[in-house]
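Q: Have a look at this prediction, sequence included:
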Amino acid sequence: MTTHRRHRRLTGLIAAGIATVLALTLAACAPAAPGEAGSAAPQELVIGSQMASFPSLDTGAITTAGYEGQRLIGNLVYEGLTKRDISDPNAAAGVAPALAKSWEVSSDGLTYTFSLQDGVTFHDGTAWNADALIYNIHRYMDKNDPHFDPVLITYYTVLTFVKKVDKVDDMTVTFTLKQPFAYFLADLYNVYFASPTSLDKDGLTGQASHPVGTGPFVFDSLEQNQSISFVRNDKYWGTVPKLDRLTVELIPDPSARTAALRSGRVDWIEAAQPDDLASLEQAGFVATGNAFDWEWSWQLMTKEKPFNDIRVRQAMNYAIDREAIANDLLHGTAVPAYQMFAAASLYYTADDNLYSYDPDKATQLLSAAGYPDGVDVKVGYITAGSGAMQAKAMNEALQAQLAKVGIRVTLDPVDFSGMYAKLGGGNTGWQAANQAFSLEQPSSWKGFWFGCEGNFFGYCNKEAEKLYDQALVTVDDKERAAMLTQVGHLVTEDAAWMFVVNDTAPRAMSAKVKGFVQPKSWWISFNDISIEG
């Protein structure tokens, strides 16, 4: 069994897919696989999650818990027409078939014809077919549908491009778009499909508490604010999972997660603390990580003083020691970020690594901007949750670094929902916000992070916005990537954010978990994971 040194570099993290976890024999476990009843102990994987609470379990609403909600709940129960392609752990995630086995796109980019997977059933036995697909799409888009929920469409903005959906035959449908949209296939990954029978019987409330999808695991039980459990879907149309049962426990405190792993209460922990990795490995646990397109930054409110002056924003980026954060504080579980895109991104170019650690230059820029005595800023940050990393320690380290050049920072910790409530309200009292997010889904960038209308931070670069809008309707992959690379150049040049690090999603687990390979993505699959012994 290969383990990695605590101070491992990026090369030691990439493709570090390593097996793991205690074979727990619990009376509550699901039965053994068909044909093996009584021949082996049931296999349960227990995961310690950093989520503070469980979301609604209804399709799109799971997104309220961020990517960890999708990764540990949504993708187990539900599926979309497509999914993230993580088959190559050394490549950025692409697009792969899921409930659609294939598709054709018209030359004008307006019509997508999907051939649906054969032999798929929902967990309640309802058949997956064109009627089930159209039932769900109408539910999301038609305000007169009895199961319409206006909240869900806010998570499925990809459907706003859809003009109509037509049934060709039982296993073929066409989507007609209002305008070309280059990321239509990619963004269908989490447009989840629920059982029409279940919805007709139990409605939205039933789906929110007892989800019924087509995924590799079947919802079993929920202990609110404690744990959620799933059992293997023996009738799954794809690769049937090896695990009998998978349980996710809420342990938002990172020290408590580590303690739970050491004690055997859980077998796998998300967002492992960097300080704990060396001792965990010495004790026989396994640490995994892989660079991916994940941005941990401060988003600067560019219409408010002092960040309405580009020199102050640039000073922020020269004042911080990213290497110290990534290597000394996070022990190599993050990669220094010098620009908008991570090196793992499809749109990265090293030419855009514009900022180095240069406190003298930071001081000069502040003075030139009219702040020779420094500035005072208030920064809100998310304390925990999907991708938040070691938020308190990291923000306090940045606070100390910035103080050395006269940038005096007051930190305002909030939870995940509190962050977006304040940003949505528009009167935060902050000059910047710290939140982590994936840039793996380009169609989401504009509404949240930049764009001259509607983003939370007031940043506007009309050239970047024009390029971005062109990219969204450009079918050629290389042309589109070149446009987005230039968008990243402009955003970086403008210092719209204070670029800090890119996460590698460090995890720790028992050495008895086998079959896990960590991809260059926030998406993971549990279908090939098993318990040794």
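A: Nice, I can see it. Since we're looking at a predicted model, the values are computed, not measured.

Q: Please report the number of neighbouring residues for residue 373.
A: Neighbour count for residue 373, taken as other CB atoms under 10 Å: 9. C-betas here are computed from N, CA, C, even on glycine.

Q: Backbone dihedrals for residue 454, both of them.
A: Main-chain torsions, residue 454, degrees, to the nearest 10: phi 90, psi -10.

Q: quick one, strands of the stretch 1-150 of the chain?
A: Counting by DSSP state E, counting those that start in this stretch, the stretch 1-150 of the chain has strands at residues 44-49, 82-85, 94-97, 100-105, 111-116.

Q: mind putting those strands in a markdown table, mean pLDDT and mean neighbour count included?
A: As requested, the strands of the stretch 1-150 of the chain are exported to a markdown table (pLDDT from 0 to 100; neighbours: other CB atoms under 10 Å):
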| stretch | mean pLDDT | mean neighbour count |
| --- | --- | --- |
| strand 44-49 | 97 | 26 |
| strand 82-85 | 96 | 22 |
| strand 94-97 | 94 | 16 |
| strand 100-105 | 97 | 16 |
| strand 111-116 | 98 | 20 |
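
Q: for the ones you listed, which one sits closest to residue 432?
A: Among the strands of the stretch 1-150 of the chain, strand 44-49 comes nearest to residue 432, with 27.8 Å by CB to CB.

Q: Need the CA coordinates for the closest one. PDB is fine.
A: In PDB, the C-alpha atoms belonging to strand 44-49 read as follows (Å, rounded to 0.1, in the frame of the first residue of the first chain):
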ATOM      1  CA  GLU A  44     -20.900  -0.500   4.600                       C
ATOM      2  CA  LEU A  45     -18.900   2.700   3.800                       C
ATOM      3  CA  VAL A  46     -19.400   5.500   6.400                       C
ATOM      4  CA  ILE A  47     -18.300   9.000   5.300                       C
ATOM      5  CA  GLY A  48     -17.700  11.900   7.500                       C
ATOM      6  CA  SER A  49     -19.000  15.000   5.600                       C
END
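
Q: circling back to that earlier point, relative to residue 145, which of the strands of the stretch 1-150 of the chain is closest?
A: That would be, of these and by CB to CB, strand 111-116, which comes in at 21.0 Å.

Q: ok, residues contacting the helix or strand encompassing residue 469?
A: In the assignment (DSSP states H and E), residue 469 maps to helix 462-472. For helix 462-472, contacts defined as CB atoms under 8 Å, 6 or more residues apart in numbering pick out 181-183, 442-443, 445-446, 450-452, 480, 483-484, 486-487, 490-491.

Q: Give me the buried subset of those.
A: The neighbour count (16 or more other CB atoms under 10 Å) marks 181-183, 442-443, 445-446, 450-451, 480, 483-484, 486-487, 490-491 as buried among the contacts of helix 462-472.

Q: burial of residue 191, as a residue count?
A: 23.

Q: residues in contact with it?
A: 60, 80-81, 140, 156, 158-159.

Q: any idea which of the buried ones among the contacts of helix 462-472 is closest to residue 204?
A: Comparing the buried ones among the contacts of helix 462-472 against residue 204 with CB to CB places residue 443 closest, at 26.3 Å.

Q: So the closest one, which state does it fall into?
A: helix (DSSP: H, G, I helix; E, B strand; the rest coil).

Q: How about it, nearest residue that isn't a chain neighbour?
A: residue 183 (4.3 Å; CB to CB, 6 or more residues apart in numbering).

Q: and what of residue 75?
A: Nearest to residue 75 is residue 215, by CB to CB, 6+ apart, at 6.7 Å.
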